[in-house]
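Engineer: Attaching a predicted model along with its sequence, questions to come.
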Amino acid sequence: MNAAKITRTSKSNLALAFVSLGRERRRDITTFYAFCRVIDDIADDVDLSVKEKTRRLSEWREWLRTPRPNESSFAIDVRHLIVKYALTPEMLEEIIAGVEMDLSIKRYQTFEELRVYCYRVASAVGLVSIEIFGYRNAACKEYAIQLGLALQMTNIIRDVGKDLRADRIYLPEEDLARFKYSAQQLRDRQYNDRFLQLMRFEAGRAHQFFARAAEALPQEDRKSMVAAEIMASIYRGLLRRMELDKFRVFEKEYGLSKLEKAGRITVQLLKLF
């Protein structure tokens, strides 16, 4: 499967954001996104053993640096991106390290531990993405980091129920303790006032990251970051929807409709004029 097909079949919000880019950058970010998707799919594949997942991720570490006879069909395209945008293999290896955390970690004691995971699977993606988007002010890197944390926290809130089915709890234990809501209550899907307080707390944390990202975005890079701003708008809308619906994440899978997403994309594109 090629990069474009991987992106199309993923039905991702990120793929929608690419409409704002010129042909060349859209092709390149599509290749990078396909790399992220393939790495993530390896870690999530229920038919693979942990040992096999580790082996396949290790292969990708090699392919980022050196051509191999058995490499993925688009590994050469990923290496081309590394050269073209003066990336380093380490920037992409950070993302691999993030998905590898899912192979051995089921719980997080503190938010600082969770922040490492969020940085690797989201902020690191943002740091590569802005190189492809193109920027002038180095402060854009802080924008990418903070927006990545905001998006990943929104994902974590949305996927509480889904993650439980995979025996994963991303909500930090210190946060559960703060609101006297136990991990067992979470596994039992107990929906009560303490759960609501916990989720509002996590949503507040996501809002803080969105606000920090907005503050960090340099004025001169607003045009080049429109794809990222589309993502930010869609995810803020998703977070708001969950808040208004009181986080019924045990029984619902939240998302915005195509029409709502199109409206948010249009608003961001209009800001360019």
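Structural biologist: Looks like it came in fine. It should be emphasised that the depicted structure is a prediction, and the values quoted were computed from it without experimental measurement.
Engineer: Now do the strands in this protein.
Structural biologist: Read by DSSP state E, the chain holds no strands at all.
Engineer: Give me the below-cutoff pLDDT ranges for it.
Structural biologist: 1-17, 19-20, 272-273 (pLDDT under 70).
Engineer: mind checking how far the residue lying farthest from the centre of the chain is from residue 120?
Structural biologist: Ranked by distance from the centre of the chain (CA atoms, centre = their mean), the top residue is residue 69, with 30.7 Å. Separation of residue 69 from residue 120 (CB to CB, to the nearest Å): 29 Å. C-betas here are computed from N, CA, C, even on glycine.
Engineer: Tell me, how many residues neighbour residue 22?
Structural biologist: 9 (other CB atoms under 10 Å).
Engineer: just residue 83 next, same as before
Structural biologist: Around residue 83 there are 8 residues (other CB under 10 Å).
Engineer: Look up how far residue 209 lies from residue 202.
Structural biologist: 11 Å.
Engineer: which neighbours do the two share?
Structural biologist: Here residue 202 and residue 209 share the contacting residues residue 153, scored by CB atoms under 8 Å, 6 or more residues apart in numbering.
Engineer: mind listing the helices for the stretch 51-200 of the chain?
Structural biologist: Under the criterion DSSP state H, counting those that start in this stretch, the stretch 51-200 of the chain contains helices at 75-84, 89-104, 111-118, 124-133, 140-158, 160-165, 173-178, 183-187, 193-216.
Engineer: I'd like to know which of those helices lies nearest to residue 249.
Structural biologist: Closest approach to residue 249 among these (CB to CB): helix 160-165, 4.5 Å.
Engineer: Give me the contact list for that closest one.
Structural biologist: 156, 169-171, 186-187, 189, 199, 249-251, 253.
Engineer: make it 10 Å
Structural biologist: For helix 160-165, contacts defined as CB atoms under 10 Å, 6 or more residues apart in numbering pick out 102, 106, 155-156, 159, 168-171, 186-189, 195, 198-199, 202, 242, 247-253.
Engineer: got it, and stretch 100-115?
Structural biologist: Contacts for stretch 100-115 (CB under 10 Å, 6+ apart): 39-40, 42-44, 50-51, 53-54, 57-58, 93, 116-118, 120-121, 123, 149, 152-153, 156, 163, 166-177, 183, 202, 205.
Engineer: Now, of those residues, which are buried?
Structural biologist: 39-40, 42-43, 53-54, 57, 93, 117-118, 120-121, 123, 149, 152-153, 156, 163, 168-173, 175-176, 202, 205 (16 or more other CB atoms under 10 Å).
Engineer: Of all the helices of the stretch 51-200 of the chain, which one is nearest residue 65?
Structural biologist: Of all the helices of the stretch 51-200 of the chain, helix 89-104 comes closest under CB to CB, at 5.2 Å.
Engineer: mind listing what's buried in the closest one?
Structural biologist: 89, 91-102.
Engineer: could I get those as TSV with distance to residue 35?
Structural biologist: Output for those, formatted as TSV (distance: CB to CB, whole Å):
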residue	distance to residue 35
89	12
91	11
92	7
93	11
94	12
95	8
96	10
97	14
98	13
99	11
100	15
101	18
102	17
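Engineer: So which of the residues you listed is the closest to residue 131?
Structural biologist: For the buried residues of helix 89-104, the nearest to residue 131 is residue 91 (8.2 Å; CB to CB).
Engineer: Roughly how far does the closest one sit from residue 175?
Structural biologist: Relative to residue 175, and taking CB to CB, residue 91 is found at 30 Å.
Engineer: cool, and residue 230?
Structural biologist: 30 Å.
Engineer: do you know how far the nearest residue in space to residue 210 that is not next to it in sequence is from residue 245?
Structural biologist: Spatial nearest neighbour of residue 210, chain neighbours left out: residue 150 (4.4 Å); criterion: CB to CB, 6 or more residues apart in numbering. Counting by CB to CB, the separation of residue 150 from residue 245 is 19 Å.
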